[in-house]
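**Q** Give me coordinates for this.
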Amino acid sequence: MRAITYTRFGDAKDVLSLEDIATPDPGPGEVRVRLHSSGVNPSDIRARAGGRPGVTEPPFPKIIPHSDGAGVIDSVGAGTDPSRLGERVWIWNGQWQRAFGTAAEYICLPAAQAVPLPDTVSFEEGAVLGIPGVTAFHTVLSGGSVAGKTLLVSGGAGTVAHLAIQIAVASGATVLATARGEAGFAEARAAGASAVFDYRDDHLADAVLEETKGRPIDRIIEVEFGQNVETNTKIIAERGTIVAYGSARDMTPTLPFYPLMFKAVTIELALIYLLTPSERAAVNANIQAFLKGNKLDMRISHVLPLEQCAEAHELIASGNRTGSVVLKI
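**A** Modelled structure (predicted):
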């Protein structure tokens, strides 16, 4: 099968190679998916570049990148329901703690990690569900219903945030967002945010509370925890929740502990690779319901062929996109 591989950390154009390797066979409890698409995420770029804290060399001799993808089950291993043959599916954790991910023609993985994909959803859209989709659903709904609550979604033009806004609005929440520039504001509003604020505003907390007429925010979905913790502390409600799924600009944040404690704020650090089985089941059920109801706009800015994987990585790294980047296989 054709696959993108790398054996060392470095720039995408220097370390990513297209090669032919043996097509895998599914083991017990596994399915093999003939992949039609592979989603490219910032975490894939950090992994390939050696940007994960404490990781100094690749964890496997040869790696096929990417955890997200979609395709059709074409083979099943022992103990796997044969009725799944021919099923359209999307993939989660395809390359989490595994050597071979979705930047290839085939992947074998536990049957539970291949989730049915409705016929109304394209394979390219399916490749957005694994990391961005699951992160958005988990961060918005992990605490239960958000109906009647006020949420703030940080970085509202980003892929996860764009989905999170839609999910929260469809779930009955009032949603505010932060963004930058006219295009970013327009993206957040298009997703359903009722008000959008410039995250560079030195008086952001005041602007948010003016918009809410002084009512604090019940839940904050945060992509830059360290950078925004002071602002979030000012606007979060008593017993509110800050759900952080990133802090790239400040990886060792200092917390205003007592202001947070005297509001009894819950800080949830969301790493969707490590969801419990019950959390995973809840997320997947919500995703299926939204897909069947055609409630999600999964923006895709670039679809590139497999052999242009390095260009896809460079697009993600540059930030020069307005949606997800997907490889067509």
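
**Q** Could you tell me the end-to-end distance of stretch 148-161?
**A** In stretch 148-161, first residue to last residue: 19 Å (CA to CA, to the nearest Å).

**Q** what residues are up against the spatially most central residue of the chain?
**A** Centrality entry for the chain: nearest residue to the mean C-alpha point is residue 132, 2.0 Å, by CA atoms, centre = their mean. Residues in contact with residue 132 (CB atoms under 8 Å, 6 or more residues apart in numbering) are 39, 41, 68, 159, 160, 163, 298, 324. Where C-beta positions appear, they are placed from N, C-alpha and C, glycine not excepted.

**Q** Which of the residues you listed fall in helices?
**A** Residues of those located in helices (DSSP state H): 159, 160, 163.

**Q** Report pLDDT for the last one.
**A** The predicted structure scores residue 163 at 98 on the pLDDT scale.

**Q** now it, nearest residue through space, not along the chain?
**A** Spatial nearest neighbour of residue 163, excluding adjacent residues (CB to CB, 6 or more residues apart in numbering): residue 136 at 3.7 Å.

**Q** Point out the other elements, helices or strands, that the helix or strand hosting that neighbour touches.
**A** Using DSSP states H and E, residue 136 sits in helix 134-141. In terms of contacts (3 or more CB pairs under 8 Å, 6 or more residues apart in numbering; DSSP states H and E), helix 134-141 is packed against helix 159-170, strand 217-222, helix 277-292.

**Q** Can you give the contact residues for that helix?
**A** With contact meaning CB under 8 Å, 6+ apart, helix 134-141 is reached by 92, 146, 151, 160-161, 163-164, 167-168, 171, 173, 219, 221, 243, 245, 270, 272, 275, 279, 282-283, 286-287, 290.

**Q** gap between the closest residue to residue 11 other than its chain neighbours and residue 276?
**A** The shortest distance from residue 11 to any non-neighbouring residue, by CB to CB, 6+ apart, is to residue 49 (7.5 Å). Look at residue 49 and residue 276: by CB to CB, to the nearest Å, they are 30 Å apart.

**Q** Just put the contacts of residue 132 in CSV and tack on distance to residue 251 and neighbour count.
**A** What follows is the contacts of residue 132, written out as CSV (distance: CB to CB, whole Å; neighbours: other CB atoms under 10 Å):
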residue, distance to residue 251, neighbour count
39, 24, 32
41, 18, 23
68, 24, 30
159, 21, 27
160, 18, 26
163, 24, 28
298, 29, 22
324, 24, 26
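
**Q** Among those residues, find me the one that's closest to residue 231.
**A** Nearest to residue 231 among those is residue 160, at 19.1 Å by CB to CB.

**Q** That closest one touches residue 222, doesn't it?
**A** No. Assessed by CB atoms under 8 Å, residue 160 is found out of contact with residue 222, at 10.6 Å.

**Q** where do the contact lists of those two overlap?
**A** Taking CB under 8 Å, 6+ apart as the contact rule, residue 160 and residue 222 both touch residue 245.

**Q** Can you give me every residue that contacts residue 157?
**A** Contacts of residue 157 by CB under 8 Å, 6+ apart are 179, 180, 183, 184, 185, 187, 188, 322.

**Q** And the third one, how close does it get to residue 19?
**A** Here the distance between residue 183 and residue 19 works out to 38 Å (CB to CB).

**Q** likewise the first one?
**A** With the distance defined as CB to CB, residue 179 ends up 40 Å from residue 19.

**Q** if you count what's nearby, which of these two comes out ahead?
**A** Legend: neighbour count by other CB atoms under 10 Å for residue 179 and residue 19, higher for residue 179 (25 against 12).

**Q** Is it correct that residue 308 is in contact with residue 329?
**A** No. In this structure, residue 308 is not within contact of residue 329 by CB under 8 Å, at 11.5 Å.

**Q** got the angle between the longest strand anywhere in the chain and helix 159-170?
**A** Longest strand in the chain by number of residues (criterion: DSSP state E): strand 30-40. Here strand 30-40 points in a direction 100 degrees away from that of helix 159-170 (axes from the mean of the first three to the mean of the last three CA atoms, to 10 degrees).

**Q** partners of strand 30-40 in the sheet?
**A** Sheet partners assigned to strand 30-40 using DSSP bridges are listed as strand 68-76 (antiparallel), strand 106-110 (antiparallel), strand 324-328 (antiparallel).

**Q** How far off centre is the last one?
**A** Right, strand 324-328. 14 Å (CA atoms, centre = their mean, to the nearest Å).
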